[in-house]
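Novice: With the sequence up front, the predicted model follows.
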2 protein chains.
Amino acid sequence: MPKITFLPGRITQIVEEGSDILEAAKLAGMSVEAPCGGRGICGKCLVKIESGKVDFDNSGIIPEGIIEDGYVLICRSKATSEDTEIQILSSLDDEAGSFSDAKEDIFNIDKTLLPIDADFMPLVNKLFLKVSQPEAGDGLSDLDRLRKAIDFKKEIDISVGALRKLPEMLREHGGDITITYHSKCDSVKIIDVESSDTSSENYGVAIDIGTTTVAVQLVNLVSGHIIASKTDYNQQIECGLDVISRINYATKPSNLEELRQKVLLTINKSIAELSEGAGITHILNASIAGNTTMVHLLLGIAPEHIRLEPYTPAVYNVPNLSASEIGISIFADSECFIAPSVGSYVGGDITSGLLCTNIPNQTEQISLLIDIGTNGELILGNADFMIGCACSAGPAFEGGGIQYGMRASHGAIERVEVDPVNASATVYTIGNDVPKGICGSGMISLIAELFSKGWIDAAGKLDRTRKSPNIEVVGRVARYKFFPDSNSEMYIDETDIDNIIRAKAAIFSACRIMLQKVHMDFDSLSKVYIAGGFGRYIDIDNAVTIGLLPKLPKDRFVFIGNSSIIGAYMTLISQKHREKEIEISKTITYIDLSTELEYMDQYMAALFIPHTDVELFKDM
Amino acid sequence: MPKITFLPGRITQIVEEGSDILEAAKLAGMSVEAPCGGRGICGKCLVKIESGKVDFDNSGIIPEGIIEDGYVLICRSKATSEDTEIQILSSLDDEAGSFSDAKEDIFNIDKTLLPIDADFMPLVNKLFLKVSQPEAGDGLSDLDRLRKAIDFKKEIDISVGALRKLPEMLREHGGDITITYHSKCDSVKIIDVESSDTSSENYGVAIDIGTTTVAVQLVNLVSGHIIASKTDYNQQIECGLDVISRINYATKPSNLEELRQKVLLTINKSIAELSEGAGITHILNASIAGNTTMVHLLLGIAPEHIRLEPYTPAVYNVPNLSASEIGISIFADSECFIAPSVGSYVGGDITSGLLCTNIPNQTEQISLLIDIGTNGELILGNADFMIGCACSAGPAFEGGGIQYGMRASHGAIERVEVDPVNASATVYTIGNDVPKGICGSGMISLIAELFSKGWIDAAGKLDRTRKSPNIEVVGRVARYKFFPDSNSEMYIDETDIDNIIRAKAAIFSACRIMLQKVHMDFDSLSKVYIAGGFGRYIDIDNAVTIGLLPKLPKDRFVFIGNSSIIGAYMTLISQKHREKEIEISKTITYIDLSTELEYMDQYMAALFIPHTDVELFKDM
């Protein structure tokens, strides 16, 4: 049987002739980025055949010239009888943790929304106690004496683990002991005991599970400080790019388990790296936010009814579960908080995000929250009412489905200036790095520039009539090359542009439907909160130019970044915020856009730059 | 290195010269009965060397003649350089499950004490519900609809396992669903969901963990019927014969874990056999009774402080723990009840046993409960007060430490008549089987007969002056042979008799101390409840003759058998009985006999048949 050697690393795998090379790479333990789940449409899993030969089934995404140079998509390649050496070009591990520092997000939020010291009350707390020493004839066991020392007026339970440590801990420092516990209405459960006073050490993790990325913050729960944070790809993307493809993939029980394990691996790897980096071993709290499907997959609950009529998920408001039940690698008996969902596609990420806005507090005016992710989620309202809906924006703004798309990390083109005369590009990258690809804000900037400089039309087609070294036509599709004079192939083509237009149309038309529901227009909005991993870099003028955002005075827009993780941070440290979030989830009325006949018309009308109704984007 | 072959089965083990053969047998997976933990004092681990040679260190218990025939104690044997074949004569598996049917015990109990139908309320219950089908736009998840269908006025939690099954179960039979749940004061936790009505299937196990034996009953919790029961050796006896030797053994953490695993293995094997026999797969409840040390070992809690001043156990009243936390092989998320202890040596077995007596109910008179096990436990009192103590009786009455002692199972001699003229024996065995050994009631009968027929004196020494084929003197120790004319070696010697006298002295003197505490005498007792695995077969006259029991009218004695398992049965099915048992545990005042100076004097005085003060046993 042929042997495949993966570079770098020279890891070998013996395979059968005709077998999938992506599978072989997984077997060999290589982490290959294949966001579209092997359907050959995202182009992310490009590899180079260094020697030998594979069978490659080109679905059209790879130009023939590149194939001649040895480049193929690993997900469309099968082993031949020849031994083969394959260079893996991108891997999920490459940029892990470096591309987004969620810690910065917090600075975009209205400070009055954050928990103050008085609110600090994690789910799992510590308490330092002095327990009396055993005395002959007192008739008290160690646990009885501990119970006596705690003056909660509640039933006191204890885990087997804590009970096992109790005799030694109680005697080590003369009865000085720190208990770790969580409370219910009428009971307290002790889950750990340590000798001496460790009550100043309580750490937790806030976790945001996005369809594409997973963010984790390590938090000091005594001071409220974020110690470190990390964002990584959700390893589930190997099994499908968006929630619908994940739900489809999960139909088979073993696939559901695979998805569960993949997101746990992503989360636990980040937790391990963060805690190792900070030298912290005992993490006692976790607060998790994610969309409805992500929560189902995390818990191993079949998500199929989310997409089958009448679209009923198994659970919106998950009761607190222990870390070991979920599989999160923190202290096993810890209880974890999971942000409540509202509808099939309006999840805990948005109820969490709402904590970062004034929407649930304002009484007179109304505001809008737009969370732009693979799944776009919107909330419109104020303290009196909230309506929410979701639309499928696709992963374009996060770099998915775009030939040279990438996440907003170092080396990503985030802003482009296009010359009106010859279409040449001036690019600005995150970290002033060598350009590696283009991120969401870069795409918005580029399309706005190309449109306003007249290089693309309202339908997103490049101008083929004017000569420019930057514009190249391959078959029936034109592309815009960033660096025509260099040996860089980097481009955006009309298919990419189309994906971006679809994404912005989905979001903009959803906004309009929501406003129509309450008989209002954009101008009635006091604030438009924009959330999402890419949100910080976005240029409002550009976003308005392409028709993603409505034309409103600039000061009405508030970028709140990854508000889901910030909400998770707040619910991690504050009982008040957990209660508020649950209250919010009960207030929101979920609108199912798939049952709104008007939505498809609005969407079609928005598939132009900026819109078929240009009046909408006129200066007011 | 030499090879040891164990027979029957011809299982081989390569060992180093000089290594322990008992260890080698364990390595080979042989289950050898070595109750004294390898100290060479119980004589239970006799094996026969069929070929080859071992180094045998005789501590005196084995007569030289037997050693010449190839018999040695495996626990005192070490490998030589020779290959050896060893016949294992007794193994723990031999009689497993057959020797005691705890089901019968229940017929000895005052029927008014047993739970009536109205009391039936296990810890884990089932409820059949009709849940509405999902409707578009109702804004309810599967869990929300389930919560709506349950009209408990409590917070409703659910396990991850139940949540995973929920979507399918809710849809399988149009919303007909049975939930399995347990309740706290203000919350209910659903731990399983099944489609259709399974509420009539709720099974549980009552478990009594004795130092020597473990009894398990499989119970139908809807009807209250005991389906099957099984008693087996506690596999911990390989590590020590009584609680003190177990506590000593557990000092090393790995030994503590070994003890935990051994009792779990014993329990889980019985549960597996009972449920397999009855064709029942889903066991939802467990109620466990055991002495304080047994509970610590079951939970893996270091028991050392039970025997170190000031004798403070880690826990008396264990909060409910899940089956998986404990390691009991029933439904993992089930909550289990563990009977509360009172003192270091008055445990949940006795609080459980008290449910089988009228002591906690009677208001005028007082009664005494004597639980005769390896550890003798006593309770004296009534509804107004109870005092309890424990004494170390040793395992003699259960067959331990007696050369030909055995448990009260088929083939055990349970009654003996001794001829006054020639001392010849007429024996009666359980099941009229071929005599295999002698059980507790047989020893009491034999010693009473030998004493009343004049063949032993008050100090327990056999009469060497009169000729009898049954009496043989070996070295300085005389022995009584049951069958001098046959080739059976079976005997009881003066060392055995001494062990029995010590056991009865410990119990009788503890009774006297207790009565002195409340300034009463035996005649004030309205009832004397006698509990213990051997209790059913005991003859009162014989027990009085040897000075184990006080001389009282026969109708004051009530034999309640293994009352610990019956109490566990009651608390398994009834909330009222669980509450009553906890109440009882709080009422009892624990007396530590080791701090009672008078006790040693009383004990010494009782080391005669029947007692140094023969007035005590005169007819009243």
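Specialist: All right, it came through fine. What you are looking at is a predicted structure, and each value in this text was computed from that prediction instead of being measured.

Novice: How about the stretch 351-500 of chain A: which residue is closest to chain B?
Specialist: The nearest approach of the stretch 351-500 of chain A to chain B comes at A:Gly388, 11.0 Å away (Cβ to the nearest Cβ). Heads up, the C-betas are built off the backbone N, CA and C, glycines and all.

Novice: The longest helix along chain A: what's the following helix or strand?
Specialist: Ordering each helix of chain A by length in residues (DSSP state H) puts helix A:253-278 first. Note on helix A:253-278: by DSSP states H and E, the next helix or strand toward the C-terminus is strand A:283-290.

Novice: Outside of the helix or strand where A:Ile350 lies itself, list whatever touches it.
Specialist: Taking DSSP H and E as the criterion, A:Ile350 maps to helix A:348-354. Under the contact criterion Cβ atoms under 8 Å, 6 or more residues apart in numbering or on different chains, helix A:348-354 has outside partners A:208-210, A:288-292, A:294-295, A:338-342, A:360, A:369, A:371, A:373, A:377, A:379, A:386, A:388, A:529, A:531, A:560, A:563-568, A:571, A:581, A:584-585, A:588.

Novice: Just the ones of those residues in strands?
Specialist: Applying DSSP state E to the contacts of helix A:348-354, the entries found in strands are A:208-209, A:288-290, A:338, A:369, A:371, A:377, A:379, A:386, A:388, A:529, A:531, A:560, A:588.

Novice: what lines up beside the helix or strand encompassing A:Ile86 in the sheet?
Specialist: A:Ile86 belongs to strand A:84-88 when assigned by DSSP H and E. Looking at strand A:84-88 with DSSP bridges, its partner strands are strand A:3-7 (parallel), strand A:46-51 (antiparallel).

Novice: Check those strands for me and report the most buried one.
Specialist: strand A:3-7 (a mean of 19; mean count of other Cβ atoms under 10 Å in any protein chain shown).

Novice: Can you give me the buried ones in the very next helix or strand once past that one?
Specialist: Sequence-wise, the next helix or strand downstream of strand A:3-7 (DSSP H and E) is strand A:11-14. Residues A:Gln13 are the ones in strand A:11-14 that count as buried (16 or more other Cβ atoms under 10 Å in any protein chain shown).

Novice: Strand A:11-14 - contacts with which helices or strands?
Specialist: Contact here means 3 or more Cβ pairs under 8 Å, 6 or more residues apart in numbering or on different chains; DSSP states H and E; on that basis strand A:11-14 packs against strand A:3-7, helix A:21-27.

Novice: quick one: it to chain centroid distance?
Specialist: Taking the mean of its C-alpha atoms, strand A:11-14 sits 33 Å from the chain's own mean (Cα atoms, centre = their mean, to the nearest Å).

Novice: what residues does it touch?
Specialist: Strand A:11-14 is touched from outside by A:Met1, A:Pro2, A:Lys3, A:Ile4, A:Thr5, A:Phe6, A:Ala24, A:Ala25, A:Leu27, A:Ala28, A:Gly29, A:Met30, with contacts defined as Cβ under 8 Å, 6+ apart.

Novice: Name every sheet partner of it and say whether each one runs parallel or antiparallel.
Specialist: In the sheet containing strand A:11-14, its partner strands are strand A:3-7 (antiparallel), by DSSP bridges.

Novice: Using CSV, write out every CA atom in the partner strand.
Specialist: Presented in CSV, the C-alpha positions along strand A:3-7 are these (Å, rounded to 0.1, in the frame of the first residue of the first chain):
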residue,chain,number,x,y,z
LYS,A,3,2.8,5.7,1.9
ILE,A,4,2.0,9.3,2.3
THR,A,5,4.5,11.6,4.0
PHE,A,6,3.2,14.9,5.3
LEU,A,7,5.5,17.9,5.5
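
Novice: still on that earlier bit, how about a markdown table for the contacts of strand A:11-14, with pLDDT and distance to A:Thr251 added?
Specialist: Below are these laid out as a markdown table (pLDDT from 0 to 100; distance: Cβ to Cβ, whole Å):
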| residue | pLDDT | distance to A:Thr251 |
| --- | --- | --- |
| A:Met1 | 84 | 32 |
| A:Pro2 | 87 | 33 |
| A:Lys3 | 88 | 34 |
| A:Ile4 | 88 | 30 |
| A:Thr5 | 85 | 35 |
| A:Phe6 | 80 | 31 |
| A:Ala24 | 84 | 25 |
| A:Ala25 | 80 | 24 |
| A:Leu27 | 73 | 23 |
| A:Ala28 | 70 | 27 |
| A:Gly29 | 62 | 27 |
| A:Met30 | 65 | 27 |
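
Novice: Give me the number of neighbouring residues for the residue of the stretch 351-500 of chain A closest to chain B.
Specialist: The local packing of A:Gly388 (other Cβ atoms under 10 Å in any protein chain shown) involves 25 other residues.

Novice: so it touches A:Thr589, yeah?
Specialist: Yes. Applying Cβ atoms under 8 Å, one finds A:Gly388 in contact with A:Thr589, separated by 7.2 Å.

Novice: OK, contacts around A:Ile267?
Specialist: Contacts for A:Ile267 (Cβ under 8 Å, 6+ apart) come out as A:Ile207, A:Ile209, A:Val214, A:Val216, A:Ile328, A:Ser329.

Novice: Identify, from those residues, the entry nearest to A:Gln235.
Specialist: A:Val214 (8.5 Å; Cβ to Cβ).

Novice: And that closest one, what's its pLDDT?
Specialist: A:Val214 carries a pLDDT value of 94.

Novice: Could you confirm it falls within a strand?
Specialist: Yes. Per DSSP: H, G, I helix; E, B strand; the rest coil, A:Val214 lies within a strand segment.

Novice: For it, list each beta-bridge partner.
Specialist: Beta-bridge partners of A:Val214, counted by DSSP bridges, are A:Ile209, A:Asp232.

Novice: Number of residues surrounding it?
Specialist: By the criterion of other Cβ under 10 Å, A:Val214 has 24 neighbours.

Novice: got it, and A:Val124?
Specialist: A:Val124: 25 neighbours (other Cβ under 10 Å).

Novice: Now do the phi/psi pair for it.
Specialist: Torsion angles at A:Val124 (phi, psi; degrees, to the nearest 10) stand at phi -110, psi 120.

Novice: looking at it, it is touching A:Val188, isn't it?
Specialist: No. With contact defined as Cβ under 8 Å, A:Val124 does not reach A:Val188; the gap is 11.2 Å.

Novice: Overlap in contacts, the two.
Specialist: Common neighbours of A:Val124 and A:Val188, counting by Cβ under 8 Å, 6+ apart, are A:Tyr181, A:His182.

Novice: Make TSV out of the strands paired with strand A:84-88 and add distance to A:Ser352.
Specialist: Listed next are the strands paired with strand A:84-88 as TSV, based on distance: least, Cβ to Cβ, whole Å:
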stretch	distance to A:Ser352
strand A:3-7	39
strand A:46-51	35
